[in-house]
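have a look at this prediction, sequence included:
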Amino acid sequence: MFESLKSKFTSFVDNVSQKTISEKDIDNVLWDFQLSLLENDVSMKVSEKLGEDLKAELVGEQLSLSDNKKKYIKNKLSDSILNILQSEPMDLFSIIRDKNDSGEPLVLIFIGFNGTGKTTSIAKLAHTLKEKGFTSVISASDTFRAGSIEQLEKHANNVGIKVIKHDYGADPAAVAFDAIKHAKARGIDAVLVDTAGRAETNKNLMDEMRKVIRVTKPDLKIFVGDALGGNAVVEQAEKFHDIGIDCSILTKVDADARGGAALSIAYVTKKPILFIGVGQSYDDLEPFDPKWMVDRLVP
C-alpha cells in the first residue's frame with residue numbers, strides 16, 4: 001500500500017535543495033508529490049493545503065545532512081496531516097454514559113450514500129456497544145429500498161439486537177420515533193437509526209432525512225463513507241455536511257489500496273472519524289487512530 005506515494009515522498013526529499021530552501025526549490029519538486037497525493041484519493045483541496053503547509057514550513061530553512069533533511073521534512077508533513085485528522089476528540093462511550101445519566105437514550109442517526117456499508121456498520125457498532133456493556137435498539141428507518149429491513153434484521157439477529165420496524169413505504173421518522181419511545185420505556189442505552197442510502201442529489205430523500213432529524217433530534221449524526229469511493233466520497237461528505245455531520249465511520253479500509261479518503265473527509269467535515277471498518281466480521285470495527293493513518297501515508 002502507498003508504495004507510489006512513499007516513492008514520491010523520497011523523491012521529493014531528495015530533490016529539495018540542501019542549501020537555504022527557496023520557494024522556487026519547493027515549487028520545482030512539490031507538484032509531482034501533490035499529483036501522487038491525488039492518485040491516492042487525497043482531494044485537491046487537501047493536496048493544496050499540504051503543499052501550502054510544507055512551503056510555509058520549509059522556505060527559508062537551511063538543511064545540510066541528507067538524513068536530517070529527510071527526518072525534518074517527514075516530521076513537517078506528518079504534523080500537517082495530523083492537524084487535518086485531529087479534530088475535537090470524541091469518546092462515544094462517555095457520551096452515552098452522560099446521556100444515560102440524564103435518563104435518556106443516546107440517539108445516533110446514520111447517513112450516507114447507497115452501498116457504503118451503512119447497515120453493516122450499524123450492526124458492527126451495536127455489537128461493539130454490547131461488548132462494552134451497553135444496550136441498544138435499531139430503528140429500521142430505511143423504508144424505501146426493497147429488502148433493506150430484512151437485511152438489517154439479519155444483521156441485528158446475528159448480534160442479538162432488537163429492530164423496531166414498520167412496513168415498507170412507512171414514514172421513516174415515525175419508525176425512529178417509535179424506536180426512541182421503546183428505548184425510553186425499557187431503559188435502553190442507545191438508539192441506532194438506519195436511513196435510506198441516498199444520492200446527495202436526490203432532493204426528496206434529502207428532505208425526508210431532514211424530517212427524520214427534526215423528529216428524532218439525534219445526539220450524533222454519523223456519516224458513513226466508503227474508503228474505496230475516491231473523490232466521490234469527498235463530494236458526498238460535503239453535501240451531507242450541509243445538513244450537519246458530527247462524526248464519520250469509514251468502511252472497507254482493509255480493501256483500500258490508497259487511503260486518502262480518510263484525510264479528505266476529515267478536512268471537508270472538520271469532524272472526527274470515530275471508527276474504521278477493517279473486515280467482514282462484526283468485530284472488525286476499530287477506533288480510528290490518526291497516527292496510524294500518518295504512518296501509512298508518510299514513510
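Yes, it's here. Residues are numbered from 1 along each chain as shown.

list the contacts of stretch 141-154.
Residues from elsewhere that reach stretch 141-154 (C-beta atoms under 8 Å, 6 or more residues apart in numbering): 114, 119, 122-123, 138, 140, 163, 165-173, 175-176, 179, 193-197, 205, 212. (Glycine included, C-beta is placed from N, CA and C.)

next secondary structure element downstream of the one helix or strand Ala266 maps to?
Element membership for Ala266 (DSSP states H and E) is helix 260-269. Counting by DSSP H and E, the element after helix 260-269 in chain order, helix or strand, is strand 273-277.

by contact count, what packs against that following strand?
The contact analysis (3 or more C-beta pairs under 8 Å, 6 or more residues apart in numbering; DSSP states H and E) places strand 273-277 against helix 118-131, strand 247-251, helix 260-269, strand 285-287.

what about the contacts of stretch 141-154, which are in helices?
Per DSSP state H, helices hold the following members of these: 119, 122-123, 172-173, 175-176, 179, 205, 212.

flag whichever of the residues you listed scores worst on pLDDT.
Among the ones in helices among the contacts of stretch 141-154, Leu205 carries the lowest pLDDT, at 75.

measure it to Thr143 for me?
11 Å (C-beta to C-beta, to the nearest Å).

which among the ones in helices among the contacts of stretch 141-154 count as buried?
When those are checked for burial by 16 or more other C-beta atoms under 10 Å, the buried set is 119, 122-123, 172-173, 175-176, 179, 205, 212.

tell me the angle of the longest helix seen in the chain relative to helix 260-269?
With secondary structure taken from DSSP H, the chain has its longest helix at helix 66-85. Orientation of helix 66-85 against helix 260-269 (axes from the mean of the first three to the mean of the last three C-alpha atoms, to 10 degrees) gives an angle of 50 degrees.

tell me what helix 66-85 is packed against?
helix 3-15, helix 44-58, helix 260-269, helix 290-297.

take the ones you listed and write them to TSV, including mean pLDDT and mean neighbour count.
Rendered in TSV, the data for the helices and strands packed on helix 66-85 read as follows (pLDDT from 0 to 100; neighbours: other C-beta atoms under 10 Å):
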stretch	mean pLDDT	mean neighbour count
helix 3-15	64	16
helix 44-58	83	17
helix 260-269	82	26
helix 290-297	79	18
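
turn these into JSON lines, columns for distance to Phe110.
Listed next are the helices and strands packed on helix 66-85 as JSON lines, based on distance: least, C-beta to C-beta, whole Å:
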{"stretch": "helix 3-15", "distance to Phe110": "31"}
{"stretch": "helix 44-58", "distance to Phe110": "25"}
{"stretch": "helix 260-269", "distance to Phe110": "15"}
{"stretch": "helix 290-297", "distance to Phe110": "22"}
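
of all those helices, which one is nearest Glu23?
Nearest of the helices and strands packed on helix 66-85 to Glu23, taken as C-beta to C-beta: helix 44-58 at 6.6 Å.

list of residues touching the closest one?
Here helix 44-58 has contacts from 16, 21, 23, 26, 30, 33-34, 37-38, 42, 73, 76-77, 80-81, 83-84, 260, 263-264, 267-268, using C-beta under 8 Å, 6+ apart.

quick one: distance of it to the chain centre.
22 Å (C-alpha atoms, centre = their mean, to the nearest Å).

likewise stretch 175-190?
26 Å.

for it, C-alpha coordinates in CSV please.
Coordinates of each C-alpha in stretch 175-190 appear next as CSV, following Å, rounded to 0.1, in the frame of the first residue of the first chain:
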residue,chain,number,x,y,z
VAL,A,175,-40.3,4.4,12.9
ALA,A,176,-37.4,6.3,14.6
PHE,A,177,-39.9,7.9,17.0
ASP,A,178,-41.2,4.5,18.0
ALA,A,179,-37.7,3.2,18.5
ILE,A,180,-36.8,6.1,20.8
LYS,A,181,-40.1,5.6,22.7
HIS,A,182,-39.2,1.9,23.0
ALA,A,183,-35.7,2.7,24.3
LYS,A,184,-37.0,5.1,26.9
ALA,A,185,-39.7,2.7,28.2
ARG,A,186,-37.1,-0.1,28.6
GLY,A,187,-34.1,1.9,29.8
ILE,A,188,-32.1,1.1,26.7
ASP,A,189,-28.8,3.0,26.3
ALA,A,190,-28.7,3.8,22.6
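
which one of the helices and strands packed on helix 66-85 lies nearest to Asn157?
Using C-beta to C-beta, those put helix 260-269 closest to Asn157, at 30.8 Å.

what's the angle between that closest one and helix 290-297?
Going by the same axes, to 10 degrees, helix 260-269 makes 130 degrees with helix 290-297.

what's next to helix 260-269, contact-wise?
Here helix 260-269 makes contact (C-beta under 8 Å, 6+ apart) with 37, 40-43, 45-46, 49, 81, 84-85, 87, 223, 225-231, 233-234, 237-238, 241, 245, 248, 250, 253, 272-273, 276, 288, 293, 297.
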